[in-house]
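*Asks:* below is the sequence, then the predicted model.
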Amino acid sequence: MRLKLDSGTLLGSTVILLIIISSGTLELFKDGGARDQGLNRVAYHGVLNYVTPAWCVTALLVLLVIAYSRGAINLSRGKVPIAIAVLALSSCAWTDDVLVALKAAFLVSLGTAVVVVHSAERTTEEHIRLLSMALTPLLVGSLITIFFIPSYGVSVGTHEGSWQGLFDHKNGLGSYSAVALAVLLGWRRCGGPALIYAPAALSFFLVLGSGSLTSTGAACVIVLLHLLTSLRLFRITTHKAWLVISALAVAAPLIITLIPMLTGGLEIEGKGTYFSGRGYIWSHLVSEFIKSPIIGHGFNSYKNSVFSGQHEGAIYSSIGFLPRSAHNGFLEAAHSMGIIGLTLSLALVVAPIWLARGTKYFPLILYVCISATIINIFESKLVSFNSTFFILIYTYCIASRAASATRYK
């Protein structure tokens with residue numbers, strides 16, 4: 001029997017590897033296991049440093065083979081994601097560290113291109129099945145490390161005892177598992193097999209074990225939606241109320257980001273409107289955003305701003321360490337790429353709801369977009385090399401394809 005690999009299979013395998021590599025799992029093994037937040041990091045010079053470049057070379061070759069064999073590549077399914085990638089690349093021109101920004105933007109753009117081009121292959125059902133398959137290895141692997149290799153799978157120090165699985169932080173496991181739950185339950189609501197409840201239950205179990213409040217909130221919302229969408233009246237209502245849902249998806253990130261500045265930071269037993277110190281970071285970035293509201297400070301500019309020496313003292317004294325991200329995907333996009341970047345980022349979570357209205361894939365799109373919105377209010381999972389961003393792009397492309405199929409039926 002001869003093994004036949006076509007371009008679609010190669011591209012699908014590249015997408016699966018993209019989701020795994022972009023989830024931050026490599027960092028866990030570079031660190032040698034679980035470590036306290038912000039501490040005990042040592043320089044790593046081993047073979048794992050070459051995994052991402054190897055993926056980049058593979059992805060480029062596959063795209064070139066497709067372009068050569070077909071005379072073109074199809075980017076029509078991903079207008080908003082492609083616009084974000086182009087803006088990210090363009091904005092590197094006015095960031096402080098151009099080379100670092102270009103490297104980050106290249107990864108984002110290449111990952112976006114791979115997902116968008118693959119979205120034109122085969123059927124929507126096959127895409128959803130592949131996406132579910134791509135998510136499962138890290139879920140199962142995380143469960144194994146938590147119970148059999150706790151030095152890797154269980155957090156130490158600040159978050160001691162919380163599960164982090166194959167991720168370098170408990171919030172990484174939580175957000176990944178919450179998005180996976182949305183995809184898996186969405187597939188089931190769209191006609192997927194009942195067996196999908198097994199990995200879905202595992203996802204929810206991992207979310208709870210991670211101790212991430214944001215991810216737990218997102219997961220609970222998704223489970224509630226899944227129960228409600230079993231009711232025909234609720235399905236009809238949500239299909240018709242897509243405009244209200246979209247408006248809430250836009251308003252929620254904006255309102256919650258402003259809460260720390262409008263309320264003065266009310267806190268009760270360490271929790272409150274400063275959101276575990278996030279309010280201090282957001283206040284800093286909002287003040288920086290106002291200085292360049294249209295085009296922002298350039299891609300990947302958050303780290304340049306926080307670690308520049310000008311602001312690190314104030315942030316460190318407020319929350320006790322210098323965070324690697326702004327813990328708000330929408331605000332980080334606004335800071336880096338201005339109001340244009342913020343608008344495109346909001347469109348990425350709103351447009352799929354509009355595109356999928358009236359199609360059988362609406363529940364899946366709704367679950368993923370809502371979970372991504374909740375997560376990105378408190379974590380930075382937009383316009384960066386991370387799996388949540390690429391899953392959201394995949395969802396956008398599925399919605400675009402479903403809309404086209406309905407329009408020309």
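*Replies:* Yes, it's here. Owing to the predicted nature of the structure, the values given are computational and were not obtained by experimental measurement. Residues are numbered from 1 along each chain as shown.

*Asks:* show me what counts as buried in stretch 190-202.
*Replies:* Buried residues in stretch 190-202, defined by neighbour count with 16 or more other C-beta atoms under 10 Å: 190, 192, 196, 199-200, 202. C-betas here are computed from N, CA, C, even on glycine.

*Asks:* can you tell me which of these are in helices?
*Replies:* The members of the buried residues of stretch 190-202 that map onto helices under DSSP state H are 199-200, 202.

*Asks:* K303 and E332 touch, don't they?
*Replies:* No. Using C-beta atoms under 8 Å, K303 is not in contact with E332; the gap is 10.2 Å.

*Asks:* okay, those two: which has more neighbours?
*Replies:* Per other C-beta atoms under 10 Å, whichever of K303 and E332 has more neighbours is E332, with 30 against 18.

*Asks:* per-residue confidence for that one?
*Replies:* Per-residue confidence (pLDDT) for E332: 91.

*Asks:* so the closest residue in space to it that isn't next to it in sequence, which state does it fall into?
*Replies:* For E332, ignoring the flanking residues on the chain, the nearest one in space by C-beta to C-beta, 6 or more residues apart in numbering is A326 at 4.1 Å. Secondary structure for A326, judged by DSSP: H, G, I helix; E, B strand; the rest coil, is coil.

*Asks:* enumerate every residue touching A326.
*Replies:* 281-282, 285, 302, 332, 335, 380 (C-beta atoms under 8 Å, 6 or more residues apart in numbering).

*Asks:* quick one: pLDDT of it?
*Replies:* On pLDDT, A326 comes in at 79.

*Asks:* returning to what we had before: which one of the contacts of A326 sits closest to V223?
*Replies:* S380 (24.7 Å; C-beta to C-beta).

*Asks:* wasn't the closest one part of a helix?
*Replies:* No. S380 is assigned coil when assessed by three-state DSSP, not a helix.

*Asks:* what is the neighbour count of it?
*Replies:* Based on other C-beta under 10 Å, the number of other residues close to S380 is 23.

*Asks:* from N376, how far off is the residue nearest to E332?
*Replies:* 10 Å (C-beta to C-beta, to the nearest Å).

*Asks:* ramachandran coordinates for A72?
*Replies:* Here is the backbone geometry of A72 (degrees, to the nearest 10): phi -170, psi 160.

*Asks:* what's the spacing between it and S13?
*Replies:* Going from A72 to S13 by C-beta to C-beta gives 22 Å.

*Asks:* so the two - more neighbours on which side?
*Replies:* A side-by-side neighbour count of A72 and S13, using other C-beta under 10 Å, places S13 first with 16 against 8.

*Asks:* any chance you could map the helices in the stretch 201-350 of the chain?
*Replies:* Under the criterion DSSP state H, counting those that start in this stretch, helices of the stretch 201-350 of the chain are mapped to 213-228, 232-240, 242-263, 278-291, 301-306, 312-319, 329-356.
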